[in-house]
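[1] take this sequence and fold it.
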Amino acid sequence: MNLKEKLTEKKAVLSVIGLGYVGLPLAVQFARAGFKTVGVDISADKVDKVNSGKSYIGDVSDEELREVIGKGMLRATTEFGVLKEVDTINICVPTPLRKTKDPDISYIVASVKEIKEALHAEQLITLESTTYPGTTEEVILPILEETGLKVGKDFYLAFSPERVDPGNENYKTKDIPKVVGGITEASTELAVNLYKMVGMNPIPVSSSKVAETVKLLENTFRSVNIGLVNEIALMCNKMGIDVWEVIDAAATKPFGFMPFYPGPGLGGHCIPIDPFYLSWKARMSGFEARFIELSGMINGEMPLHVVHRVADALNDQGKCLKGTKILIMGVSYKADIDDTRESPAFDIINLLQQRGTDVYYYDSYVENLVGVEGVKRIDYNGESIKGMDCAIIVTGHHNVDYGLLLDNCPLIFDSRNVFKGVKKDNIVKL
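    Below you'll find the predicted structure:
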């Protein structure tokens, strides 16, 4: 029985490498679709939690996880040797940037080297980790073909970019179309068949390079437009214009305009990182991606802008940053999730601490703030807030009573327009 037949009859064993924000929901989707699925991760803690039905990802509930674990449709392991027993492998590992803003694909390469040791005929490997155009063909393929097996003949290789949006209630993993580009036509066909069989909507494209570039375009589009509106916000501040009112009025146009909103900086696993993958690859080809670099510079300067604005507002009250108590409201990178990856809150905290500020935080989703020292979490009540000189709203969660701030804090810097339409002397807007 070939792989296509195994997929069609749901006799194929599927696997996912990397059980994070992308990999775990994908593995659960595979299992719920009726395929026996194996999750592989180097973290023994994650593996133990998966096998015991305890989810650490907001988009996967304990109930969903326990259901597929209990039915024997999903199991997790730290042993890569299990890949010898599977028919498909989806790679969902991190792809961060180095400090030089060059791509770091070391997790991909490490995973592929493990796959190489387990590679067998009629096996499909699909990379989902965001990366620069050419990674699948120029990096992964040569490693796998060192086995003597040939792509399109013995095994199949494709790229399908993850499009996960943590916390989005309308679009879960199964609801988001999957762009698919294979190294060969047979690879594309099999990857498309895989996603169809697990209840997803595959969109085939002509090559893995096209699929890799699609993901980067999606997030570069957002980065550039956020950079534009952040610059408009800086400009409006100089001219005494309410940028939020400008955007809301412009958004009434039913065509030719899409509203983006300013903020204290970019966060998350995609937008602050992915555009630099594209600009790096373009630079290697002798092309300077100026929009990407400029928007990255503007977005990267927003945390410093926030600190300067807060310093000016405190100065108007006869205070300075040194020795001042400042409360950071919200440290996740966007509303209503516990994900703090690349959150601008970290930059703002570091900048404040460098200036001698005593920094505190409150986030209804984040109990422990990992990655910074000297920051204490407060109990969110009137008495605690009265002890603060200023509150900076970095992330606006919908389950927070911001009226407590309004009544008890002498100065509020609102970078998310939480107090829309509210005009009080103690509120400063971005």
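
[2] from now on I want contacts and neighbour counts done on CA atoms only, so please keep to that.
    Will do.

[3] the helix or strand where residue 180 lies - what's its average pLDDT?
    Using DSSP states H and E, residue 180 sits within strand 178-182. For strand 178-182, mean pLDDT rounds to 98.

[4] what strands flank that strand, and is each parallel or antiparallel?
    Sheet pairing for strand 178-182, assigned by DSSP bridges, gives strand 155-159 (antiparallel), strand 202-204 (parallel).

[5] buried residues in the next helix or strand after the shortest one?
    Read it as strand 202-204. Sequence order places helix 208-239 as the next helix or strand after strand 202-204, per DSSP H and E. For helix 208-239, a neighbour-count test (16 or more other CA atoms under 10 Å) marks 208-216, 219-220, 222-234, 236 as buried.

[6] avg pLDDT for helix 208-239?
    Rounded mean pLDDT across helix 208-239 is 96.

[7] what is that helix packed up against?
    The contact analysis (3 or more CA pairs under 8 Å, 6 or more residues apart in numbering; DSSP states H and E) places helix 208-239 against strand 155-159, strand 178-182, helix 243-250, helix 274-284, helix 290-316.

[8] between these, which gets nearest to residue 22?
    Nearest to residue 22 among the helices and strands packed on helix 208-239 is strand 178-182 (13.0 Å), distances taken as CA to CA.

[9] show me what counts as buried in the following helix or strand past the closest one.
    Toward the C-terminus, strand 178-182 is succeeded by helix 185-197 as the next helix or strand (DSSP H and E). The neighbour-count check on helix 185-197 (16+ other CA under 10 Å) flags 185-195, 197 as buried.

[10] can you give me the strands in the stretch 51-200 of the chain?
    With DSSP state E, counting those that start in this stretch as the criterion, the stretch 51-200 of the chain has strands at 74-77, 88-91, 123-127, 155-159, 178-182.

[11] output those strands in a markdown table; the columns should cover distance to residue 40 and mean neighbour count.
    Below are the strands of the stretch 51-200 of the chain laid out as a markdown table (distance: least, CA to CA, whole Å; neighbours: other CA atoms under 10 Å):
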| stretch | distance to residue 40 | mean neighbour count |
| --- | --- | --- |
| strand 74-77 | 5 | 24 |
| strand 88-91 | 10 | 25 |
| strand 123-127 | 14 | 26 |
| strand 155-159 | 19 | 28 |
| strand 178-182 | 22 | 27 |
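
[12] and the ones you listed: which comes nearest residue 414?
    strand 178-182 (36.9 Å).

[13] identify the bridge partners of the nearest residue to residue 328 once chain neighbours are set aside.
    Among residues not flanking residue 328 along the chain, residue 361 sits closest, at 4.5 Å (CA to CA, 6 or more residues apart in numbering). In this entry, residue 361 is beta-bridged to residue 328, residue 377, by DSSP bridges.

[14] could I get the pLDDT score of residue 361?
    At residue 361, pLDDT is 98.

[15] name the helix or strand of the chain that has the lowest mean pLDDT.
    Lowest on mean pLDDT, DSSP states H and E among the helices and strands of the chain sits helix 274-284, with a mean of 92.

[16] residues in contact with that helix?
    With contacts defined as CA atoms under 8 Å, 6 or more residues apart in numbering, helix 274-284 is touched by 101-103, 130-133, 213, 216-217, 219-220, 223, 288-289, 292-293.

[17] show me what counts as buried in it.
    274-281.

[18] before we move on, what about stretch 105-113?
    Going by neighbour count (16+ other CA under 10 Å), the buried part of stretch 105-113 is 105, 107-108, 111-112.

[19] and this structure, what are its domain boundaries?
    Residue ranges for the domains of the chain, per automatic domain parsing: 3-206, 230-429.

[20] just name the most buried of these.
    Most buried of these, by mean neighbour count (mean count of other CA atoms under 10 Å): domain 3-206, with a mean of 20.

[21] ok, the residue most central in space within the chain - contacts?
    By CA atoms, centre = their mean, the chain has its centre lying nearest to residue 269, at 2.7 Å. The contact partners of residue 269, taken as CA under 8 Å, 6+ apart, are 341-342.

[22] and residue 18, how far is that from residue 164?
    14 Å (CA to CA, to the nearest Å).

[23] ok so, going back, and the residue nearest to residue 328, how far is that from residue 282?
    40 Å.

[24] just confirm the residue nearest to residue 328 contacts residue 374, I think it does.
    No. Using CA atoms under 8 Å, residue 361 makes no contact with residue 374, being 10.7 Å away.

[25] please identify the helix or strand for the closest residue to residue 272 other than its chain neighbours.
    With CA to CA, 6+ apart as the criterion, residue 272 has its nearest non-adjacent residue at 5.8 Å, and that residue is residue 266. Using DSSP H and E, residue 266 is not contained in any helix or strand.

[26] wait, residue 266 sits on residue 303?
    No. In this structure residue 266 lies outside contact range of residue 303 using CA under 8 Å: 9.1 Å.

[27] who touches both of the two?
    residue 344.

[28] phi, psi of residue 39?
    Phi and psi for residue 39, reported as degrees, to the nearest 10, are phi -100, psi 130.

[29] that one and residue 16 touch, don't they?
    Yes. The pair residue 39 / residue 16 is scored as a contact, 4.9 Å apart, by CA under 8 Å.

[30] find residues that contact each of those two.
    Counting by CA under 8 Å, 6+ apart, the common neighbours of residue 39 and residue 16 are 24, 27.

[31] coming back round to it: for the strands of the stretch 51-200 of the chain, give me CSV that also has distance to residue 203.
    Supplementary listing: these in CSV, determined by distance: least, CA to CA, whole Å:
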stretch, distance to residue 203
strand 74-77, 26
strand 88-91, 17
strand 123-127, 14
strand 155-159, 12
strand 178-182, 5
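
[32] residue 205: what's it in contact with?
    Contacts for residue 205 were tallied using CA under 8 Å, 6+ apart; they are 179-181, 211.

[33] at 6 Å what do you get?
    180-181 (CA atoms under 6 Å, 6 or more residues apart in numbering).

[34] swap in residue 271?
    219, 223.

[35] of the strands paired with strand 178-182, which is nearest residue 343?
    So among the strands paired with strand 178-182, strand 155-159 is nearest, using CA to CA, at 27.7 Å.
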